[in-house]
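Q: quick one, structure for this:
(chains A and B)
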Amino acid sequence: MATSTTPAPGPGGPEAVAPPGPGRTPGRKNRPQQGRRNLLHRLDLRGAPYGFVAPFFIVFGAFSFYPLLYTSWISLHKVELATMDVMEWRGFDNYTALWADDRFWNALGNTITIGVISTVPQLLMALGIAHLLNYSLRGSTFFRVAALTPYATSVGAAALVFTMLFERDFGMINWFLGMFGVENINWEGDKWPAQIAISTIVIWRWTGYNALLYLAAMQAIPRDRYEAAAIDGASRWRQFISVTVPGIRATIVFTIVLSTIGATQLFGEPLIFGQGPNGISGGADNQYQTLGLLMYEEGWKNYQMGRASTIAWAMFLILVLAFVLQRLIKGATSRTRTAQGTRSGKR
Amino acid sequence: MTTDSLRGAPPHSPKSKPSVAPFRSGSRMPSLKMKAGRQHHAGPVAYVLLGLVALMSLFPLYWTMVAASTDNTRVTQTPPPFLPGPNLFSNLSRAWTEAALGKAMINSLIVATSIAVATVLFATLAGFAFAKLRFTGRNALLTLVIGTMMIPPQLGVVPLFMMMSDLGWGQRLPAVIFPTLVSAVGVFFMRQYLMEAMPDELIEAARVDGAHSLRIFWSIVLPLARPAMAVLFMITFVHAWNDFFWPFIALNMDNPTVPVALTQLSAGYVRDQSLIMAGALLGTLPLLVMFVVFGRQIVGGIMQGAVKG
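A: Numbers count the residues shown, from 1 in each chain, chains lettered A, B, ... in the order given. The predicted model follows:
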């Protein structure tokens, strides 16, 4: 790299990296052309970075951000699927109607309960699996790939398979439970069994993925923290609680955020689990209709795009609310933790 | 001499490294090695538990194969079958034609490939700019990119649906390809990789030689980033292949992707349970093959994306 110390491009410089081809002319070495070259060079230095990041922002702006904003505008109108160009101003009528709509509260409740049933065990199990995978293991690649395989299965396929496993009369799960004397459970028709079954699909698909995220974070914890804890006489369990978990705190928060977003958007699992005409309504009694399904039902079954937008915007507000709550809880716990820290420090 | 090191494989190129660990980092590697020696060995309990986890993860897929290889009468008996039957290939070919999965597979292949190629290209471009180029507002823009991860694209489906019918893309593949051409996770992932894998001197040397940014991108960044690009391609492909909500809204049964076509199997038009399972298996098969061949790399990619994510 002898030339790298030269402050300005040497005469042979530009040609050195340019592709050899007919476009290259010796005239480029002329002085006025070099001035133009410098200008281009500066333009390139200044402008190219924006050019490089532009595709992301253009596509995101056009197909995600703009639709999100426009959703709020549509939510203030009556718009029908068949005549989407006709927008009739309704003010906040859609919102007041939604507020008074039992189906909305039912779907909101289902979304929250399925979200909790699917997220909490999922992340706890992922934490345990990551801890196991963090041991020095024979065949660790096999276990990691095996745990991740469900992630490669589409919602469609996974929901179909689990629908069959949870079938009331011949499903494998009822057969298995039957060996322990449990009566056949109506997994689709009853509210809580249905919500548990749907959560099982979510848990099956995402636990391994989260476990790998945790494992990666665990491997980045410096070893000496464990040694210090061991010297202090901390048991393995104590080490897990006071070294591992705080060490991967950022990743835990990240997975909670991702799972919360995923849970509010839940759609495919309950749709396919419901089978057929009951799918969109989330069971005969809407016992597992989520907000995602309700939005689809309003927009594409009842043809009310305005009301569907209202639900979408409500979902967004709920998400924002969830994050605000989470921040508050996080702030409160970290305050108590520092308080405890100073206490124990004084001791 | 500079020319050679730019045109050919630069000496710093991680290309020569085994692709299992494409994400080398000067500072972290030694600590990883040291740690491996000191890690606790797993006891029998850990192996039993992990064996259970592997069983739980793989059994539903195995059983899909079993159910897809028998016939309807056998699947609906109790106790359910645990061993494969003789009808796998006839069921798969029936699923291909009767459940119209053939067209769906081709559509999904087109959609997932286009999305993965575009995502990798745009993510590498932006990731390079964020990792190695200096420009006003870089940090603010990067924060914005990360912030977009918090916005679920599903919330904009109503206007998106209107847009697509205005554009004349209703029920057509561009409607599902264009909205997902970029990925914030991908941008962040490539940035992390290039920050570690790409020495600044390489860019400076090329600049001194008068190479413009696009040329640096083409001749230096792309060859260097290849391992990370391969991983990002696979992860994006998996996501695009499995994406459900928007394709379900944007496409209809005459022109579906695989997950959309699979809903028809659940909708009760098909009564043959083993045929349904054959469809589920067929729709997952391309990704399973990919996992068997490149599982290690995909695992490595997800873990690497996580450390600082």
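Q: please enumerate the helices of the stretch 51-200 of chain B.
A: B:72-75, B:88-98, B:101-132, B:138-148, B:157-166, B:174-177, B:184-197, B:200-208 (DSSP state H, counting those that start in this stretch).
Q: around chain B, pick out the residues from the stretch 201-347 of chain A.
A: Listed as neighbours of chain B in the stretch 201-347 of chain A under the rule C-beta under 8 Å from any C-beta of the partner chain: A:204, A:208-209, A:212-213, A:215-217, A:219-220, A:222-223, A:251, A:254, A:257, A:261, A:264-265, A:267-268, A:271-272, A:275-277, A:279, A:292, A:295-296, A:299-300, A:305, A:308-309, A:312-313, A:315-316, A:319, A:323. Every C-beta, even on glycine, is put in place using the N, C-alpha and C of the backbone.
Q: now those: which count as buried?
A: Buried members of these, scored by 16 or more other C-beta atoms under 10 Å in any protein chain shown, are A:204, A:208-209, A:212-213, A:215-217, A:219-220, A:251, A:254, A:257, A:261, A:264-265, A:267-268, A:271-272, A:275, A:279, A:292, A:295-296, A:299-300, A:305, A:308-309, A:312-313, A:315-316, A:319.
Q: now do the contacts for the residue in the stretch 151-300 of chain B that chain A sits nearest to.
A: Nearest to chain A in the stretch 151-300 of chain B, going by C-beta to the nearest C-beta, is B:G156, at a distance of 2.8 Å. Neighbour list for B:G156: A:F63, A:S64, A:Y66, A:P67, A:L68, A:Y70, A:T71, A:A312 [criterion: C-beta atoms under 8 Å, 6 or more residues apart in numbering or on different chains].
Q: name the member of those residues with the most neighbours.
A: With neighbours defined as other C-beta atoms under 10 Å in any protein chain shown, the most crowded of the contacts of B:G156 is A:A312; it has 28 neighbours.
Q: picking that back up, quick one: which of the helices of the stretch 51-200 of chain B is nearest B:N252?
A: helix B:174-177 (10.9 Å; C-beta to C-beta).
Q: buried set for that closest one?
A: Of all the residues in helix B:174-177, those buried under the rule 16+ other C-beta under 10 Å are B:A175, B:V176, B:I177.
Q: try stretch B:161-170
A: By 16+ other C-beta under 10 Å, the buried positions in stretch B:161-170 come out as B:F161, B:M162, B:M163, B:M164, B:S165, B:W169.
Q: within reach of chain A, which of those are there?
A: The subset of the buried residues of stretch B:161-170 within reach of chain A, by C-beta under 8 Å from any C-beta, is B:F161, B:M162, B:M163, B:S165.
Q: which of these sits closest to B:M229?
A: Nearest to B:M229 among these: B:M163, at 30.1 Å, using C-beta to C-beta.
Q: circling back to that earlier point, pull the most distant pair out of the buried residues of stretch B:161-170.
A: Maximum distance among the buried residues of stretch B:161-170 (C-beta to C-beta): 11.3 Å, for B:M162 and B:W169.
Q: for the helices of the stretch 51-200 of chain B, give me a markdown table that also has mean pLDDT.
A: Converted to a markdown table, the helices of the stretch 51-200 of chain B look like this (pLDDT from 0 to 100):
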| stretch | mean pLDDT |
| --- | --- |
| helix B:72-75 | 80 |
| helix B:88-98 | 86 |
| helix B:101-132 | 94 |
| helix B:138-148 | 90 |
| helix B:157-166 | 90 |
| helix B:174-177 | 93 |
| helix B:184-197 | 90 |
| helix B:200-208 | 88 |
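Q: what is the longest helix of chain A by residue count?
A: For chain A, the helix that runs over the most residues, judged by DSSP state H, is helix A:305-346.
Q: closest one of the buried residues of stretch B:161-170 to A:I117?
A: In terms of C-beta to C-beta, no member of those lies closer to A:I117 than B:F161, at 30.8 Å.
Q: distance check, that closest one against A:P270.
A: 21 Å (C-beta to C-beta, to the nearest Å).
Q: where's the residue in the stretch 151-300 of chain A that chain B sits nearest to, which helix or strand?
A: Proximity of the stretch 151-300 of chain A to chain B (C-beta to the nearest C-beta) peaks at A:G156, 3.2 Å away. Assigned by DSSP states H and E, A:G156 belongs to helix A:155-165.
Q: only C-alpha atoms, please: export the next helix-or-strand element following that helix in PDB.
A: The helix or strand immediately downstream of helix A:155-165 is helix A:172-178, counting by DSSP H and E. Extracted C-alpha coordinates of helix A:172-178, given in PDB (Å, rounded to 0.1, in the frame of the first residue of the first chain):
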ATOM      1  CA  MET A 172     -52.800 -37.200  19.400                       C
ATOM      2  CA  ILE A 173     -52.900 -34.800  22.400                       C
ATOM      3  CA  ASN A 174     -56.300 -36.000  23.600                       C
ATOM      4  CA  TRP A 175     -55.200 -39.600  23.000                       C
ATOM      5  CA  PHE A 176     -52.100 -39.000  25.100                       C
ATOM      6  CA  LEU A 177     -54.100 -37.300  27.900                       C
ATOM      7  CA  GLY A 178     -56.600 -40.100  27.700                       C
END
